[in-house]
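Colleague: got a structure for you, letters missing:
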């Protein structure tokens, strides 16, 4: 795959961080004496940290302001990013090879800027990227391609010369609908792997063998 620009999602794509995000809402609610719905993970998956905290505060009738829920959840995920998060196997080698080939790279994430910076620094990946854009910067979540468009403008390359790497089906579909080439990255948090494989331009089971991309 030849390309000039690459746009990477962060959680679940570059970082092995989705288990922490999946358990964040449920563990917090249980500490607050509330039993989470079985569908909570699915409901929170497309939300930002702020949106998810506000949802939990309202939907579960927590006796605290949404800002306090946000503060507590943010502190938990920040601690994880500072102390435990790791890059997925093979990611750093792949990024190093792309950088040597002159590919400009950007991160496009739903995670807030300060947290994303902490996570990438902890995982040792900061130096590979020209920068980070967030859904907050774009003013849209990943049901809209705005965050990818913003990254593309900063990469200063044509859409046909860039690839969006995503681990979530809904985000992959957004990028695809926005006219981007897409690479689906396997993560166990996404159950629809066969659909991901069918709809993406490329499929990456593991970055440890990313050179053997499966092309649709």
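Modeller: Good, I have the coordinates. No experiment lies behind these values; they were computed from the predicted model shown. Numbers count the residues shown, from 1 in each chain.

Colleague: for the chain, just list every one of the strands.
Modeller: Using DSSP state E, the strands assigned to the chain run over residues 5-8, 104-109, 131-134, 162-166, 181-185, 202-204, 214-215.

Colleague: what angle sits between the longest one and strand 162-166?
Modeller: Using axes from the mean of the first three to the mean of the last three Cα atoms, to 10 degrees, the direction of strand 104-109 lies 40 degrees away from that of strand 162-166.

Colleague: and for strand 104-109, what are the contacting residues?
Modeller: Here strand 104-109 makes contact (Cβ atoms under 8 Å, 6 or more residues apart in numbering) with 4-11, 14, 95, 98-99, 116, 120, 128-135, 147-148, 150-151, 154-157, 164. From N, CA and C alone the C-beta is placed, and that goes for glycine too.

Colleague: from the residues you listed, keep the buried residues only.
Modeller: For the contacts of strand 104-109, a burial check counting by 16 or more other Cβ atoms under 10 Å picks out 4-11, 14, 95, 98, 116, 120, 128-129, 132-135, 147-148, 150-151, 154-155, 157, 164.

Colleague: mind listing which of those residues are in helices?
Modeller: 95, 98, 116, 120, 135, 147, 148, 150, 151, 154, 155 (DSSP state H).

Colleague: doesn't residue 10 make contact with the third one?
Modeller: What it means is residue 116. Yes. At 5.9 Å, residue 116 counts as touching residue 10 under the criterion of Cβ atoms under 8 Å.

Colleague: ok, now which ones touch residue 180?
Modeller: Residues near residue 180 by Cβ under 8 Å, 6+ apart: 7, 145, 148, 152, 159, 162, 163, 164.

Colleague: same check, this time on residue 138
Modeller: Residue 138 neighbours (Cβ under 8 Å, 6+ apart): 144, 146, 147, 149, 150.
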